[in-house]
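S.K.: got a predicted structure here, sequence first:
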Amino acid sequence: SEDLQRRFQEHNKGRVNSTKNRRPFKLIYYEAYDSEKDARNRERQIKRRANALTSLKGRLVNSLE
């Protein structure tokens, strides 16, 4: 989506303070939602629950190499 591309470029250009020291990024996975509330809930789940992040990393093991 257009928003995903814009935000990805912002991160790679160093315009986001929280990620500018960890560039460059490579997009290997994303989830799309029609509802912003659903998307924010999923983001919160991944950030707060270690098992959600571990599970996601387990599904992407070959992409993270």
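M.R.: Received it, and whenever you're ready, just let me know what you need. Numbers count the residues shown, from 1 in each chain.

S.K.: next, the buried residues of the longest helix along the chain.
M.R.: Criterion DSSP state H: the longest helix present in the chain is helix 36-48. If you call a residue buried by 16 or more other C-beta atoms under 10 Å, then helix 36-48 has no buried ones at all. For every residue, glycine as well, the C-beta is placed using N, CA and C.

S.K.: please renumber so the chain begins at 251
M.R.: Right, with 251 as the first residue, what we last looked at is helix 286-298.

S.K.: identify all contacting residues around whatever helix or strand comes next after it.
M.R.: Using DSSP states H and E, the next helix or strand after helix 286-298 towards the C-terminus is helix 300-309. Residues outside helix 300-309 that contact it (C-beta atoms under 8 Å, 6 or more residues apart in numbering) are 279, 295-297, 314.

S.K.: rerun that using 7 Å as the cut-off
M.R.: 295-296, 314 (C-beta atoms under 7 Å, 6 or more residues apart in numbering).

S.K.: quick one: mean pLDDT for that helix?
M.R.: In this model, helix 300-309 has an average pLDDT of 89.

S.K.: quick one, that helix and helix 286-298 angle?
M.R.: Helix 300-309 and helix 286-298 meet at an angle of 90 degrees, taking axes from the mean of the first three to the mean of the last three C-alpha atoms, to 10 degrees as the criterion.

S.K.: min pLDDT across the contacts of helix 300-309, which one?
M.R.: Confidence-wise, Leu314 trails the rest of the contacts of helix 300-309, at 85.

S.K.: now that residue: closest residue in space, sequence neighbours ignored.
M.R.: Lys307 (6.5 Å; C-beta to C-beta, 6 or more residues apart in numbering).

S.K.: kindly report the same for Glu281.
M.R.: Nearest non-adjacent residue to Glu281 (C-beta to C-beta, 6+ apart): Arg292, at 6.3 Å.

S.K.: roughly how far apart are that neighbour and Asp284?
M.R.: 12 Å (C-beta to C-beta, to the nearest Å).

S.K.: try Asn312
M.R.: 29 Å.

S.K.: can you check Leu277 too?
M.R.: 20 Å.
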